[in-house]
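Trainee: got a predicted structure plus its sequence, pasted below:
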Amino acid sequence: MQDQVLAMLRGQLADIILGGVFLFIGLAACGIAAIRRRSGVRVLIWFGIWSAMYGTVELTESPAIVAVSPHWLQISLPFLDVSIQSFIVVVAWVGFLELSIGKIRFLIWALISLGLATGVAAITFFHGLS
C-alpha cells in the first residue's frame with residue numbers, strides 16, 4: 001500500500017511543484033503591484049492573476065491535492081476548474097492589452113469579448129450538466 005502511494009505521488013510531484021510555484025509567483029506579483037501603487041503596475045496585476053490561475057488549475061488537477069483538501073473544497077473543485085479554465089485566456093489577453101498600442105488593441109478587445117462570451121457559455125453549459 002505504501003509503495004502505491006509513493007508511486008502516485010511521484011507521478012504528480014512535478015504538477016504539484018509547478019502549480020505551487022505559479023501560484024506563489026502570481027500572489028507575489030499581485031502583492032508587489034499592491035505595494036508599488038504607481039502607474040504601469042496593471043500589467044503586473046494581470047500577470048499575477050494569470051499566474052495564480054494557472055497554478056490553481058495545476059493543483060486542482062492533482063488527485064493527491066484533491067484528496068487532502070477539505071470536503072467543501074472537493075465539492076466545488078469541478079466548478080472552480082471549469083471557471084478558471086474558461087477565463088484564463090481572457091486574463092492573458094487583458095494583460096497583453098496593457099502592453100499593446102495602436103490598432104492591435106481593437107483586435108485584442110474583440111478577442112477579449114469573444115473569450116468572455118465563450119467562458120460564460122462554458123460555465124452555463126457546465127452548470128446545466130450538474
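Mentor: Ah, there it is.

Trainee: show me the strands in the chain, by range?
Mentor: With DSSP state E as the definition, the chain shows no strands.

Trainee: where does it dip in pLDDT?
Mentor: 1, 130 (pLDDT under 70).

Trainee: what's the separation between the residue positioned nearest the centre of the chain and Ala29?
Mentor: By CA atoms, centre = their mean, the mean C-alpha position of the chain lies nearest to Met53, the distance being 1.6 Å. For Met53, the distance to Ala29 equals 12 Å [CB to CB, to the nearest Å]. (Glycine included, C-beta is placed from N, CA and C.)

Trainee: run through the residues that contact the residue nearest to the centre of the chain.
Mentor: Residues in contact with Met53 (CB atoms under 8 Å, 6 or more residues apart in numbering) are Gly26, Ile84, Phe87, Ile88, Val91.

Trainee: cool, and Gly55?
Mentor: Contacts of Gly55 (CB under 8 Å, 6+ apart): Leu18, Gly19, Gly20, Val21, Phe22, Leu23, Phe24, Ile25, Gly26.

Trainee: that older thread, so of the contacts of Met53, which ones are in helices?
Mentor: Gly26, Ile84, Phe87, Ile88, Val91 (DSSP state H).

Trainee: what subset of the residues you listed is buried?
Mentor: Burial by neighbour count, 16 or more other CB atoms under 10 Å: within these this picks out Gly26, Ile84, Phe87, Ile88, Val91.

Trainee: what's the most distant pair in those residues?
Mentor: Gly26 and Phe87 (14.3 Å; CB to CB).

Trainee: list the buried residues for stretch 9-18?
Mentor: Gln12, Asp15, Ile16.
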